[in-house]
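Engineer: can't give you the sequence, but here's the structure:
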């Protein structure tokens, strides 16, 4: 038991209050990176409604611009239900790399731009893309008002 306590104490000494990396905080979802949510803690009902609408639009834009999707064969709902957070992460990193390059006008595909927008949007809600996806799907607790 002492070993577990020592490990927990070590994690706490390294912890950041909002971020999981290196800290003692653990979350239910491996995609959650923050302990806080501006959506849950700071937004008024009107602001929450705007957040939900903006979130739904970002995911819709991603679906419409994803070059790997045949929209005649894959419905929006199926796309969202099978959306890979790892793929979105890779696309967001691609955006960051292009923006950090020496090219003053990097060419950024719409799907990469929309993936980056999703990651930025997730920062306002636990940093968790899966929660944002659930919002876009209208799952329980995230229905539009």
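Structural biologist: Yep, that arrived. No experiment lies behind these values; they were computed from the predicted model shown.

Engineer: from the centroid of the chain, which residue is nearest?
Structural biologist: Centroid check for the chain by CA atoms, centre = their mean gives residue 129 as the closest residue, at 2.8 Å.

Engineer: from what I see, it and residue 119 are in contact.
Structural biologist: Yes - using CB atoms under 8 Å, residue 129 is in contact with residue 119, at 7.2 Å. C-beta here means a position set from N, CA and C on the backbone, and glycine is covered the same way.

Engineer: so what are the domain limits for this structure?
Structural biologist: The chain is divided into the following domains under automatic domain parsing: 1-30, 45-145.

Engineer: show me where this structure dips below the pLDDT cut-off.
Structural biologist: Filtered on pLDDT under 70, the chain yields the residue ranges 1-33, 140-145.

Engineer: in it, where's the longest helix?
Structural biologist: Scanning the chain for the helix with the most residues, using DSSP state H, yields helix 45-65.

Engineer: for that one, which outside residues touch it?
Structural biologist: Applying CB atoms under 8 Å, 6 or more residues apart in numbering, the external contacts of helix 45-65 come out as 39, 43, 69, 71, 76, 79-80, 109-111, 114-115, 117-118, 121, 124-125, 132-133, 135-136, 142, 144-145.

Engineer: and residue 95, what does it touch?
Structural biologist: By CB under 8 Å, 6+ apart, the neighbours of residue 95 are 108, 112, 113, 115, 116.

Engineer: can you check residue 123 too?
Structural biologist: By CB under 8 Å, 6+ apart, the contact set of residue 123 is residue 34.

Engineer: likewise residue 132?
Structural biologist: Counting by CB under 8 Å, 6+ apart, residue 132 touches 55, 59, 118, 121, 122, 125.

Engineer: which among the contacts of residue 95 end up buried?
Structural biologist: Buried by 16 or more other CB atoms under 10 Å: 112, 113, 115, 116, out of the contacts of residue 95.

Engineer: isn't the third one up against residue 85?
Structural biologist: Think residue 115. No - judged on CB under 8 Å, residue 115 makes no contact with residue 85 at a distance of 10.1 Å.
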